[in-house]
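Chemist: Below: sequence and its predicted model.
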Amino acid sequence: MTRTLHNCPAPAKLNLFLHVTGRREDGYHLLQTVFQLIDRCDTLDFELREDGLIKRGNAVPGVAESDDLTVRAAALLQSATRPSADGKPLGANIRINKCLPMGGGLGGGSSDAATTLIALNYLWQAGLSNLELMKLGVQLGADVPFFLLGENAFAEGIGEALHVLALPKRWFVVIEPGVSVPTAAIFRSADLTRDTKPVRITDFSNAPNGFGKNDLQAVAAKLFPPIAEAIKWLGKFGDARMTGSGACVFCSFESEREADRVLEQMPPQWKAWKAEALMQHPLAHLLNRNQELV
Ligand SMILES: C[C@](O)(CO)[C@H](O)COP(=O)(O)OP(=O)(O)OC[C@H]1O[C@@H](n2ccc(N)nc2=O)[C@H](O)[C@@H]1O
Ligand SMILES: Nc1ncnc2c1ncn2[C@@H]1O[C@H](COP(=O)(O)OP(=O)(O)OP(=O)(O)O)[C@@H](O)[C@H]1O
């Protein structure tokens, strides 16, 4: 039995567009979005424990151990898994090396949770299918099923109704405007428009670069002026927009060279970086994909 998995990547996502098309009775919003995986990642280490305990091996500023999405993901998987022959569940030590900013719209916490479910399903030999992991994942956050799908996707519902989508190889410049955006506050805003007309997946496929808009952007940029400033500056180079509920802002380019040129001119007040589009989740080889999936 493998006992450890080191340096497991939890990649970021960008929402290439994000339309709010309605609101459910439970308050959650109906969205249409395209999720793009990129090669900027948190990395996680997992070590098997025989005593059944789930422990986080390092502190994550601002996130208590019991609230950490990795710890919650592990506990959820444990409760859905049959104990070993001696009746005891297996546990794990989890270390998180955070690179993705929290409240950045890059889905860092959700991706950490998805990587935890993938890695522990493998280490514990729990044998859950990908669809079963996705059903657990959606209880942790709306973006978690996407990271478990392992491929770029067009999403509907609250983000969990996924259709695999082939996206072109692109480079992205991403600015971290230095603020952390609380997702719930953006969705709660009275200023949010919730009636964008639904689009079809083919509408996007016909014009993948610069399609649609991010309906959360106006609200987030008004509440957090550094977001508006970053969009204005990056907008000089192309169709710059916010990802998710913010705060990060991105613009896509055909080549790494073009991305480098933009980074060279970046004002010093922002942390910024380039990333390449990923075609697949880096842990796709550990996913139990089968016909259940789209
Ligand atoms: C905006 C996106 O980043 C797009 O990728 C995600 O949908 C947000 O996903 P997330 O950060 O995993 O968010 P969750 O933890 O599921 O939800 C945080 C809060 O945002 C609101 N929320 C989230 C997703 C959604 N489709 N409708 C909502 O209204 C809810 O108030 C929820 O309590
Ligand atoms: N391991 C974790 N990493 C990051 N955030 C975590 C983690 N565990 C719990 N959280 C909580 O989740 C919140 C959202 O973090 P996350 O990094 O996913 O934001 P985000 O990138 O804005 O997500 P999204 O794009 O899905 O809205 C954090 O503010 C934090 O309180």
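Modeler: That came through fine. Ligands and ions are numbered 1, 2, ... in the order given.

Chemist: drop to CA atoms for contacts and neighbour counts, all remaining ones
Modeler: OK.

Chemist: Which residue is the nearest non-sequential neighbour of the closest residue to ligand 2 within the stretch 151-294 of the chain?
Modeler: Nearest residue of the stretch 151-294 of the chain to ligand 2 (C-alpha to the nearest ligand atom) works out as G244 at 4.8 Å. Using C-alpha to C-alpha, 6 or more residues apart in numbering and skipping residues adjacent in sequence, the residue nearest G244 is G105, 4.4 Å away.

Chemist: T33: how many residues sit nearby?
Modeler: 27 (other C-alpha atoms under 10 Å).

Chemist: same question, A277
Modeler: 20.

Chemist: how about the residue nearest to G244, what does it touch?
Modeler: By C-alpha atoms under 8 Å, 6 or more residues apart in numbering, the contact list for G105 reads L14, V181, M242, T243, G244, S245, G246, A247, C248.

Chemist: Look up which residues are beta-bridged to the third one.
Modeler: Assessed by DSSP bridges, M242 has beta-bridge partners V249.

Chemist: For it, list the residues it contacts.
Modeler: Per C-alpha under 8 Å, 6+ apart, neighbours of M242: G105, N214, Q217, I227, I231, C248, V249, F250.

Chemist: quick one: the residue nearest to G244 and ligand 1, what's the gap?
Modeler: Between G105 and ligand 1 the distance is 5 Å, computed by C-alpha to the nearest ligand atom, to the nearest Å.

Chemist: Tell me the secondary structure at that residue.
Modeler: At G105, secondary structure determined by DSSP: H, G, I helix; E, B strand; the rest coil is coil.

Chemist: The one 4 residues further on too?
Modeler: Local secondary structure at G109 is given as helix here, using three-state DSSP.

Chemist: coming back round to it: how about the residue of the stretch 151-294 of the chain closest to ligand 2, what does it touch?
Modeler: Counted by C-alpha under 8 Å, 6+ apart, G244 has contacts L14, N15, L18, G104, G105, L106, G107, N214, L216.

Chemist: helix/strand/coil for it?
Modeler: coil.

Chemist: Okay, helices next: where are they in the stretch 101-250 of the chain?
Modeler: For the stretch 101-250 of the chain, the helices defined by DSSP state H, counting those that start in this stretch occupy 108-123, 130-137, 144-149, 183-188, 201-205, 217-223, 225-234.

Chemist: Quick check: which of the ones you listed is nearest to D195?
Modeler: Closest to D195 of these is helix 183-188 (C-alpha to C-alpha; 13.1 Å).

Chemist: Report the buried residues of stretch 185-196.
Modeler: Neighbour counts over stretch 185-196 (16 or more other C-alpha atoms under 10 Å) mark I186, F187, L192, T193, R194 as buried.

Chemist: So the fourth one versus ligand 1, what's the distance?
Modeler: Using C-alpha to the nearest ligand atom, one gets 12 Å for the distance from T193 to ligand 1.

Chemist: before we move on, what about F211?
Modeler: In terms of C-alpha to the nearest ligand atom, F211 sits 16 Å off from ligand 1.

Chemist: One more: T243?
Modeler: Separation of T243 from ligand 1 (C-alpha to the nearest ligand atom): 7 Å.

Chemist: swap in N15?
Modeler: N15 is 6 Å from ligand 1, by C-alpha to the nearest ligand atom.

Chemist: Can you give me the neighbour number for that residue?
Modeler: Every residue meeting other C-alpha under 10 Å relative to N15 is counted, giving 26.

Chemist: Checking it next. Helix, strand or coil?
Modeler: Applying three-state DSSP: N15 is strand.
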